[in-house]
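Asks: for reference, the sequence and a predicted model appear below.
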Amino acid sequence: MLTTFDDEEYVVRALRGGAVGYLLKDRPARELAAAVRLAHEGIAQFDPAAAARLATALARGAGTPPSDHSLTEREVEVLRFVATGSTNREIARRLYVSEGTVKNHISRILNRLGLRDRTQAAMYARDHGLA
């Protein structure tokens, strides 16, 4: 998997989903190209940070299946703020992240839950005891 997400839960999910490795896009182009070729040959490739996150997850037993809603802890946190009517700017300030990061989280929330908009997300949060 080639991604920008350096998050323990994403690493675990990628591997459960059949990924041969986990690489972050911030690596030099030549390094990425070589890693992709090796992964294509079936040789697992891991960014050092992703490998460390995987080791941490395994050490603390993060092998439990995801919850019904399959959202990360951070996405649940964002969803709770959405349910209270918070704007992206307000959520970003409270979580100490950029508005762009909040928008990305909301997009993933909507996509994972099959929802169309923030209103449906807020209703989902209420209906599932997250608000």
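Replies: Looks like it arrived, so ask away. Numbering: from 1, shown residues only.
Asks: so what's the predicted local confidence for the residue sitting furthest away from the middle of the chain?
Replies: Summary for the chain: using C-alpha atoms, centre = their mean, the residue whose C-alpha lies farthest from the chain's mean C-alpha position is residue 41, with a distance of 26.4 Å. Note on residue 41: pLDDT of 82.
Asks: mind checking how far residue 100 is from residue 113?
Replies: Separation of residue 100 from residue 113 (C-beta to C-beta, to the nearest Å) stands at 21 Å. Bear in mind the C-beta positions are built from the backbone N, C-alpha and C, glycine included.
Asks: pull the contacting residues for residue 122.
Replies: Neighbouring residues of residue 122 by C-beta atoms under 8 Å, 6 or more residues apart in numbering: 82, 83, 85, 131.
Asks: so how far is the helix or strand harbouring residue 111 from its chain's centroid?
Replies: Using DSSP states H and E, residue 111 sits within helix 99-113. What separates the centre of helix 99-113 from the centre of its chain is 10 Å, taken as C-alpha atoms, centre = their mean, to the nearest Å.
Asks: can you give the contact residues for it?
Replies: Taking C-beta under 8 Å, 6+ apart as the criterion, the residues outside helix 99-113 that touch it are 69-71, 74-75, 78-79, 82, 88-89, 91-92, 95, 115-118, 120-121, 124.
Asks: can you dump the C-alpha atoms of stretch 14-22 in CSV for me?
Replies: Extracted as CSV, the C-alpha positions of stretch 14-22 are listed here (Å, rounded to 0.1, in the frame of the first residue of the first chain):
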residue,chain,number,x,y,z
ALA,A,14,-4.0,-2.6,5.1
LEU,A,15,-2.3,-5.9,6.0
ARG,A,16,-5.7,-7.5,6.9
GLY,A,17,-6.9,-6.4,3.5
GLY,A,18,-4.1,-8.2,1.8
ALA,A,19,-1.4,-5.5,1.3
VAL,A,20,2.1,-6.9,0.7
GLY,A,21,3.6,-3.9,2.5
TYR,A,22,3.0,-0.3,3.6
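Asks: kind regards, and thank you for your time.
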